[in-house]
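*Asks:* Got a predicted model here, sequence first, then my questions.
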Amino acid sequence: MKALVTGGGGFLGGAIVRMLVPRGDTVRTFSRGAYPWLAALGVEQVRGELDDAAALQRAARGCEIVFHTAAKPGIWGPYAEYHRVNVTGTERVLEACRSEGVRKLVFTGSPSVTFDGRDQCGVDESAPYPSRWLAHYPHTKALAEQRVFAANGPDLATVSLRPHLIWGPRDNHLVPRIVARAKAGSLRIVETPGTKVDSVYIDNAAEAHLLAAERLEPGAACAGQAYFISNGEALPMSELINAILAAAGLPPVSRRVSPGMAYAAGAICEAWYGLRGKKEEPPMTRFLARQLSTSHWFNIARAQRDLGYVPRVRIAEGLQLLRAWLAEAGDA
């Protein structure tokens, strides 16, 4: 098939590209920058912003499917920018699909769209959106997901996948931040006893997108639906963090901060950064404090049933692969 991957130079988008190319699929990417490794794979690259309708139409032309992984992540920044990239950008992607006759869209959503600040223990896709939002990212991702569901129909079949805490080789977000903070001596555990979190190894997250693409058709069981994606191996956050540090050859972190103190620190950081107009991300926010101190693990039975999803790389194996990559890349 001929596929467009938005954010194809990123962590998840890149993993999807690396799975599509060996199958013989024709792949095009849409990103703000150019990536030599994509060119080396023979991937056509279209550059532009997500709210650039004309550029997206050029990128979608002739494609049968779009994997929309591009988004503005993070926990800090003006709402207008999150809305421009995550909501308006998704609207432009959907418009490009319609105008260019693309038949299928696999959207990368987020489990955070159902987070209301409390524990999520084994929740499934029936969990509602919260009545109030703790950060702009989950809010705008929920709005974008709603656009994706509304667009599902006989001419364009859509599905939303919600992978949680993606990690592994080539990670440019979670792993390097944990490693950098540990090396700087600023990493602390914010954890309520008994809480657990799900995560997903990068290859499993990418494969879930390909499985959804294979099954997605108008009227299919997965059309217009959302799916939580994880490894199905919930762990205490401290255990996951220390396993990643061990893979990087670093000692475990033992220093802890209470959830209440972390939440208060988040409020202070938000106020200070807001008053100073700082663009860089604060070390703590109220949303992050709640995320770190509550359980987040999900029922993936629906993805197993409708998509045939099986997390083939278990956490133990993934950590070995991460260790090998970090050693080769020099903690890159």
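*Replies:* That came through, no problem. Small disclaimer: the values here were computed from a predicted structure and weren't measured.
*Asks:* Low-confidence ranges, the stretch 201-332 of the chain, go.
*Replies:* Scanning the stretch 201-332 of the chain for pLDDT under 70 picks out the ranges 330-332.
*Asks:* List the contacts of the nearest residue to Tyr79 once chain neighbours are set aside.
*Replies:* In space, and not counting its chain neighbours, Tyr79 is closest to His136: 4.9 Å by C-beta to C-beta, 6 or more residues apart in numbering. Bear in mind the C-beta positions are built from the backbone N, C-alpha and C, glycine included. Neighbouring residues of His136 by C-beta atoms under 8 Å, 6 or more residues apart in numbering: Gly77, Pro78, Tyr79, Tyr82, His83.
*Asks:* Show the backbone phi and psi for the third one.
*Replies:* Reported as degrees, to the nearest 10, the phi and psi values for Tyr79 are phi -60, psi -40.
*Asks:* ok, which stretches of the protein are strands?
*Replies:* Counting by DSSP state E, the chain has strands at residues 2-6, 26-31, 44-47, 65-68, 104-108, 120-123, 157-163, 166-167, 200-201, 226-229, 296-298.
*Asks:* Distance to Ile189 added to those strands, as a markdown table?
*Replies:* Listed next are these as a markdown table, based on distance: least, C-beta to C-beta, whole Å:
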| stretch | distance to Ile189 |
| --- | --- |
| strand 2-6 | 35 |
| strand 26-31 | 35 |
| strand 44-47 | 41 |
| strand 65-68 | 34 |
| strand 104-108 | 28 |
| strand 120-123 | 19 |
| strand 157-163 | 23 |
| strand 166-167 | 17 |
| strand 200-201 | 21 |
| strand 226-229 | 25 |
| strand 296-298 | 16 |
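*Asks:* Which stretch among the ones you listed approaches Ala289 most closely?
*Replies:* With C-beta to C-beta as the measure, strand 296-298 is the member of the strands of the chain nearest Ala289 (13.6 Å).
*Asks:* for stretch 216-230, the distance to its chain's centre please.
*Replies:* Offset of stretch 216-230 from its chain centre (C-alpha atoms, centre = their mean, to the nearest Å): 17 Å.
*Asks:* ok, back up a step: buried subset of the contacts of His136?
*Replies:* Buried by 16 or more other C-beta atoms under 10 Å: Gly77, Tyr82, His83, out of the contacts of His136.
*Asks:* out of the residues you listed, who's nearest Gly232?
*Replies:* Using C-beta to C-beta, Tyr82 is the member of the buried ones among the contacts of His136 that sits closest to Gly232, with 29.9 Å.
*Asks:* so what's that closest one up against?
*Replies:* By C-beta under 8 Å, 6+ apart, Tyr82 lies in contact with Lys72, His136, Tyr137, His139, Thr140.
*Asks:* if I look at Glu64, how far off is Ala206?
*Replies:* 18 Å (C-beta to C-beta, to the nearest Å).
*Asks:* Would you mind naming the residues that bridge with the nearest residue to Ala220 once chain neighbours are set aside?
*Replies:* Spatial nearest neighbour of Ala220, excluding adjacent residues (C-beta to C-beta, 6+ apart): Ala157 at 6.6 Å. Note on Ala157: beta-bridge partners by DSSP bridges are Lys104.
*Asks:* how close does Glu270 get to Lys279?
*Replies:* Note on Glu270: its distance to Lys279, by C-beta to C-beta, is 14 Å.
*Asks:* between these two, who's got more neighbours?
*Replies:* Neighbour tally, Glu270 and Lys279, criterion other C-beta atoms under 10 Å: the higher count belongs to Glu270, 17 against 10.
*Asks:* what residues are up against Pro259?
*Replies:* Taking C-beta under 8 Å, 6+ apart as the test, what Pro259 contacts is Val190, Glu191, Thr192, Ala289, Leu292, Ser293.
*Asks:* quick one on the thing from earlier: just flag the most distant two among the contacts of Tyr82.
*Replies:* The most widely separated members of the contacts of Tyr82 are Lys72 and His139, with 11.8 Å between them, by C-beta to C-beta.
*Asks:* what number of residues lie near Arg181?
*Replies:* Counted with other C-beta under 10 Å, the neighbours of Arg181 add up to 16.
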